[in-house]
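Visitor: below is the sequence, then the predicted model.
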Amino acid sequence: MPVRIYRLAVAFFTLIALVGVPGTASAQGVAVCPPGTDSAVASPVEIDRACAISGTADQLIIPATYSTLLSGVFEFHDAAPQGQTSSNDEMKFKVNNADLYVTYAGVHYKLLNVHFHGLSEHRFAGDAVSPIEAHLQHESAGGQTLVLAVQSKTDPNIFTSTTFDAFLTDPPRVTDQLKSHGDINLANLLPVDRTHYRYTGSLTTPPYTPGVTWIVFNARVNIQNGNVTSFNNAWTQGGTRVFNYRTVQVNSPPPNVYAH
């Protein structure tokens, strides 16, 4: 081989070794995932699907009894600071004499309440922000908290009302106002596709209690656009809209997020 050609060949393969071949792990676009922790972090967080760790598929069990028709009261709760619309305020549904459970890792967690945040609190990297996020809060006999987080979406081509719509059509807007609801099927508030992401975080309202097991569903449930507007109008004070969500928290190290 002539010396000039040889030197060109060496230079070419040296360049390939340095920059990598398109489509390999060294190419641009591959997720860079920092080391995470299984200890409790501050919630909510942004979830990067590309960095999720494969988890055990059957850790979360939602029994058929979760479809039991419920009744209860829906209230607008003015949390501190009193008299001001803030991210701490809640629209919360409290069930009447319900005994609904989910099971996670063999532990039973009883349903306490369902409450809503707009905009969504959890975010998925690369996805548009969901307009409203529902939290189904549960507690074990040992006092541990587990929350199912369900995000919503709007679709002008879907006209069927969902459980999201049942709650958020004309919701209470006055402090401590109560609105009765009956025949609520909370299983219908969950997406049909139960694929989810799990991590250990905290409550997103004061006192931000740590040690919360978060189950954030991947799929979104439809809600009518008018009900998104109806919900958002509740968080207007002095002509200014103040949404009731906590911003994504920056944690170092970030949580280990498990895909199920």
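Guide: Now that the structure is in, tell me what you want to look at. Note that this is a predicted model, so its numbers are computed, not measured.

Visitor: from here on, contacts and neighbour counts on C-alpha atoms
Guide: Fine.

Visitor: phi first, then psi, for residue 167.
Guide: phi -70, psi -40 (degrees, to the nearest 10).

Visitor: what about it, how many neighbours?
Guide: Using other CA atoms under 10 Å, the number of residues around residue 167 comes to 23.

Visitor: now do the same for it: its pLDDT.
Guide: Listed pLDDT for residue 167 reads 87.

Visitor: and what of the one 3 residues further on?
Guide: The score at residue 170 is 82. That number is its pLDDT.

Visitor: what sits up against the longest strand seen in the chain?
Guide: If you go by DSSP state E, the chain has its longest strand at strand 107-117. Here strand 107-117 makes contact (CA atoms under 8 Å, 6 or more residues apart in numbering) with 90-95, 98-103, 132-141, 145-146, 243-245.

Visitor: from residue 146, how far out is the residue lying closest to residue 202 once chain neighbours are set aside?
Guide: Using CA to CA, 6 or more residues apart in numbering and skipping the chain neighbours, the partner closest in space to residue 202 is residue 210 (4.0 Å). Separation of residue 210 from residue 146 (CA to CA, to the nearest Å): 11 Å.

Visitor: residue 168 too?
Guide: For residue 168, the distance to residue 146 - CA to CA - is 23 Å.

Visitor: more crowded one of the two?
Guide: Taking other CA under 10 Å, residue 168 and residue 146 do not tie; residue 146 has more neighbours (28 against 22).

Visitor: so that one, which of the three states?
Guide: strand (DSSP: H, G, I helix; E, B strand; the rest coil).

Visitor: tell me where the stretch 51-200 of the chain has strands.
Guide: With strands called from DSSP state E, counting those that start in this stretch, the stretch 51-200 of the chain shows them at 53-54, 60-61, 69-77, 90-95, 101-104, 107-117, 123-124, 133-140, 145-153, 178-185, 196-202.
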